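Trainee: Sequence and predicted structure below; questions after.
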Amino acid sequence: MDTMMKKFFTELVEAPSPSGFEQPAQEVYRKFVKDLADEVKTDVHGNVIAKKEGTGKLKLMLVGHADEIGLMINYIDDNGFLRFKPVGGVDYTLLSGLRVNIYGKNNKMYRGVIGRKPIHLLKPEERKKAPNYEELWIDFGAKDKKDAEKRVEIGNIATFAPGLEELNGDIVTSKATDNKAGVYVVAAVLKHLQKEKVAANIYSVAAVQEEIGLRGSTTSSYGVNPDVGIAIDVTHATDYPGLDKNSLGDIKLGKGPVISVGANINPKVFELLKKAAKQAKVKYQIEAAPRATGTDANAIQTTRAGVATGLISIPNRYMHTPNEVVALSDLDDAAKLLAEFAKLVDENTDFIPKI
Ligand SMILES: [Zn+2]
């Protein structure tokens, strides 16, 4: 990944954007795509849709969800500690002792830490159990409730604090690569095609609220009404201790984007994605998905009378933790693959499943 693109990805992952509040990441996306698209629009739900006009009629939608998991402040106690509710799939066993960024009043950011009773003071039975969120709080140094309320109000959001850091060359760690990786890819496809005219009209969407129920892809697919829709998300790499290849398959970091196959995927789209990978000289991996996937691909496929759908995933270790791990080359390869795919489809491509 070159320096400019790495800067873009760093800004994306570091923008605090839990579901329902994606504006910071959306702004980073909007700035990046503004000169690469013919039109950039935000819909009433908050999805940012960048359209590159094609020479033909086919509409190809690429969706990466811009939201990340987080915490929503729901109560400020008399001592100025903030209580919270989860936004999306938060693992409480990880929370105590973490640093978080609170997106407070007037869009100002404050650092906080998640507090819990220390180990010395836990009863033996408490030590064995993970705390649930009622036993945790955010401490951001407030003197009392009144002092806290100067900076934070109910409904404000906090996200994990760790930004992007290199572990070993191509392998990086950060919070929220799920799914700023997908937003990166849908933007990078437009960059690849910047100087080209293709038949397909491309709609690159930074969608909202995936982590709380595939909501932004539902509304944006209805609005765009695409012929073909591809979701770009992360998937579990199975190359680290404790993951079972027998049930999860063999997915490795740095071995290229993952193409899903199964009920959620149109067979013709699947074939063309593999063809595109070959033409782009990109290695890829295959993941079996026998039923609906838990991704935006599911919402896209069942839009209106149905959409020819595909799913491209970026291998990810430690998903939904403050320190997910991805290989940057997988992101760039996914973008190359999809830019090639965009050249392979037009209004004459037949996506009706056949034997
Ligand atoms: Zn997720």
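Mentor: Good, I have the coordinates. These figures come from a predicted structure and were not determined experimentally.
Trainee: List the buried residues in the helix or strand bottoming out on mean pLDDT in the chain.
Mentor: Least confident helix or strand, the chain: helix 124-128 with a mean of 88, by mean pLDDT, DSSP states H and E. Buried residues in helix 124-128, defined by neighbour count with 16 or more other C-beta atoms under 10 Å: none. Glycine gets a C-beta too; all of them are placed from N, C-alpha and C.
Trainee: and if you look at stretch 300-309?
Mentor: Neighbour-count burial for stretch 300-309, counted by 16+ other C-beta under 10 Å, picks out 300-303, 307-309.
Trainee: distance between that stretch and the chain's centre?
Mentor: Centroid separation for stretch 300-309 versus its chain: 20 Å, with C-alpha atoms, centre = their mean, to the nearest Å.
Trainee: what's the answer for stretch 67-84, then?
Mentor: Remark: stretch 67-84 is offset 23 Å from the chain centroid, using C-alpha atoms, centre = their mean.
Trainee: Show the average pLDDT along it.
Mentor: Stretch 67-84 carries an average pLDDT of 97.
Trainee: What residues of it count as buried?
Mentor: If you call a residue buried by 16+ other C-beta under 10 Å, then stretch 67-84 has these buried ones: 67-73, 76, 80-84.
Trainee: where does the stretch 151-300 of the chain have low pLDDT?
Mentor: Low-confidence segments of the stretch 151-300 of the chain (pLDDT under 70): none present.
Trainee: where exactly do the helices run in the protein?
Mentor: Secondary structure of the chain (DSSP state H): helices at 3-14, 23-33, 124-128, 145-149, 177-192, 215-224, 245-248, 267-279, 296-301, 328-344.
Trainee: can you list these in CSV and add distance to E165?
Mentor: Formatted as CSV, these follow (distance: least, C-beta to C-beta, whole Å):
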stretch, distance to E165
helix 3-14, 10
helix 23-33, 18
helix 124-128, 31
helix 145-149, 30
helix 177-192, 12
helix 215-224, 28
helix 245-248, 27
helix 267-279, 29
helix 296-301, 28
helix 328-344, 12
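Trainee: circling back to that earlier point, format the buried residues of stretch 300-309 as a markdown table; extra columns: distance to E125.
Mentor: Output for the buried residues of stretch 300-309, formatted as a markdown table (distance: C-beta to C-beta, whole Å):
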| residue | distance to E125 |
| --- | --- |
| I300 | 46 |
| Q301 | 47 |
| T302 | 46 |
| T303 | 49 |
| V307 | 51 |
| A308 | 54 |
| T309 | 48 |
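Trainee: Mark which of those residues are part of strands, please.
Mentor: 308-309 (DSSP state E).
Trainee: out of the buried residues of stretch 300-309, what pair is the most spread apart?
Mentor: Farthest pair in the buried residues of stretch 300-309 (C-beta to C-beta) is T302 and A308. Separation: 12.2 Å.
Trainee: The spatially most central residue of the chain: what's it in contact with?
Mentor: The chain has N179 as the residue nearest its centroid, 1.4 Å off, counting by C-alpha atoms, centre = their mean. Counting by C-beta atoms under 8 Å, 6 or more residues apart in numbering, N179 touches 64-68, 210, 232-234.
Trainee: Which ones among these map onto strands?
Mentor: Those of those lying in strands (DSSP E): 64-65, 232-234.
Trainee: Reformat these as TSV; add distance to M319.
Mentor: Putting these into TSV (distance: C-beta to C-beta, whole Å) gives the following:
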residue	distance to M319
G64	15
H65	13
I232	15
D233	10
V234	6
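Trainee: I'd like to know which of these is nearest to A263.
Mentor: Using C-beta to C-beta, D233 comes nearest to A263 of the ones in strands among the contacts of N179, at 16.8 Å.
Trainee: So what's the residue count around the closest residue in space to the closest one that isn't next to it in sequence?
Mentor: Leaving out its chain neighbours, the residue that sits closest to D233 by C-beta to C-beta, 6 or more residues apart in numbering is T295, at 4.6 Å. For T295, the neighbour count with other C-beta atoms under 10 Å is 27.
Trainee: My read is that T295 contacts L311, right?
Mentor: Yes - shown here, T295 and L311 form a contact pair, counting by C-beta atoms under 8 Å, at 5.9 Å.
Trainee: can you list residues touching both of the two?
Mentor: Here T295 and L311 share the contacting residues 231, 233, 264, scored by C-beta under 8 Å, 6+ apart.
Trainee: give me every residue that touches the second one.
Mentor: This means D233. For D233, the contact set (C-beta under 8 Å, 6+ apart) comprises 64-65, 178-179, 181-182, 210, 295-297, 311, 313-314.
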